Each structure stands twice: as C-alpha cells, then as structure tokens.
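Undergrad: pasting the structure only:
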C-alpha cells in the first residue's frame with residue numbers, strides 16, 4: 001500500500017472512530033435525559049395521586065402504592081444520577097464534535113500532520129469516559145456505516161444484533177463477539 005493510500009485509510013479510520021463516539025454519547029445522553037424525565041413524570045403523577053388520596057381519604061393501598069412508586073422512582077434516579085450522566089455524555093459528545101470540526105477544517109496535508117495531536121485529544125477524552133456498553137457501541141457503529149455508505153454497501157458491513165440486545169443495549173453490557 002502506498003503512503004497516500006495509507007494516509008487516507010488512517011484519516012478515514014480516525015474520522016469513523018470519532019463519528020462512532022459522537023453517536024454513542026448522543027445515544028447515552030438522550031437515554032439518561034429521557035430516563036430522568038420519566039422519573040420526574042412518575043414523581044409528579046403518583047405524588048399527586050398520593051396527595052389526592054390522602055385528601056379524599058380513599059383506599060390505604062392506593063395511598064401506599066402511590067407513595068412507594070414515587071419513592072422507588074426517585075431513589076433509582078438519585079442512585080443512578082441520570083442528570084449527571086446525561087450531562088457527562090453530552091459533554092463527551094461535544095468534545096468529540098470539536099475534534100471532528102477541527103479535522104474537517106484541515107486540508108489533507110494539515111490533517112495528516114495533526115493526526116497524532118487528534119489521537120492525543122481522543123485519549124484524554126477516553127480517560128473521562130465511563131465503561132462502554134458493547135451492544136450500544138455496535139449500534140452506534142452501524143449508524144455511522146449507514147450514514148457514510150450507500151445502502152447496498154452498508155447492508156454488507158453492519159453488524160446484526162438480535163432485537164432483545166438492541167432494545168436493552170442501554171441497560172446491559174451484552175457479549176457482541178458474534179455480531
């Protein structure tokens with residue numbers, strides 16, 4: 001492989017890696033934001049139901065169940081720290097977007113001379129990242145492949161994940177070695 005082709009491959013791989021991480025953190029940030037909103041919704045709805053039940057002196061089981069649901073949802077939200085996690089993944093996504101913007105602004109010659117610098121920036125970002133979820137990483141990779149290549153080419157290169165792994169990729173670290 002000649003030097004020019006090797007450089008093009010290297011810049012393509014770096015761009016792909018950055019894009020995959022942008023999409024990964026976009027998915028994680030959106031997940032935690034939705035989760036935080038859902039628990040807030042549960043707190044408002046069932047908290048209101050508890051207060052209404054107390055005022056109306058209705059069924060003690062309804063009051064207890066509503067209070068338990070609010071308590072559990074709030075406890076999970078507090079322990080997981082959905083708000084902080086949403087901000088973390090949003091910040092990581094922005095840092096990768098900054099690298100991508102800098103790479104796009106460079107011409108090919110400048111890009112080649114700065115690849116080591118970009119890799120150094122990426123390593124600093126990776127030091128701040130929480131452990132990745134393999135199935136979610138595969139989904140982000142598939143997103144990038146679909147965005148970069150025509151459908152017939154993309155279909156050849158995307159990894160197949162079962163519906164359950166796709167659906168629960170935000171919750172569990174699935175083995176994706178066969179994907």
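TA: Noted; the coordinates are in hand. Only a predicted model underlies this, so the values are computations on that prediction, with no experimental measurement involved.
Undergrad: can we go C-alpha only for contacts and neighbour counts from here?
TA: Noted.
Undergrad: what ranges do the strands span in this structure?
TA: Counting by DSSP state E, the chain yields no residue ranges for strands.
Undergrad: in it, which ranges drop under the pLDDT threshold?
TA: 1, 49-59 (pLDDT under 70).
Undergrad: residues contacting the closest residue to residue 93 other than its chain neighbours?
TA: Spatial nearest neighbour of residue 93, excluding adjacent residues (Cα to Cα, 6 or more residues apart in numbering): residue 22 at 4.9 Å. Neighbour list for residue 22: 92-94, 96-97 [criterion: Cα atoms under 8 Å, 6 or more residues apart in numbering].
Undergrad: Relative to residue 101, how far out is residue 22?
TA: Noted for residue 22: a distance of 12 Å to residue 101, by Cα to Cα, to the nearest Å.
Undergrad: rewinding a little: whichever of the contacts of residue 22 end up buried, select them in PyMOL.
TA: Per 16 or more other Cα atoms under 10 Å, the buried members of the contacts of residue 22 correspond to this PyMOL selection:
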select buried, resi 92+93+96+97
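Undergrad: Tell me which residue is most central in this protein.
TA: What sits nearest the mean C-alpha location of the chain, by Cα atoms, centre = their mean, is residue 28, with 2.3 Å.
Undergrad: residues contacting that one?
TA: 86, 89, 170.
Undergrad: on that earlier part again, okay if I get the contacts of residue 22 as JSON lines plus distance to residue 70?
TA: JSON lines is the format used below for the contacts of residue 22 (distance: Cα to Cα, whole Å):
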{"residue": "92", "distance to residue 70": "31"}
{"residue": "93", "distance to residue 70": "32"}
{"residue": "94", "distance to residue 70": "33"}
{"residue": "96", "distance to residue 70": "37"}
{"residue": "97", "distance to residue 70": "37"}
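Undergrad: Among the contacts of residue 22, which one lies nearest to residue 122?
TA: Nearest to residue 122 among those: residue 96, at 7.6 Å, using Cα to Cα.
Undergrad: my guess is that closest one meets residue 21, correct?
TA: Yes. Shown here, residue 96 and residue 21 form a contact pair, counting by Cα atoms under 8 Å, at 7.1 Å.
Undergrad: And the residue nearest to residue 93, how far from residue 140?
TA: Residue 22 is 8 Å from residue 140, by Cα to Cα.
Undergrad: What of residue 169?
TA: 11 Å.
Undergrad: what's the longest helix in the chain?
TA: helix 3-56 (DSSP state H).
Undergrad: how far does it sit from the chain's center?
TA: 5 Å (Cα atoms, centre = their mean, to the nearest Å).
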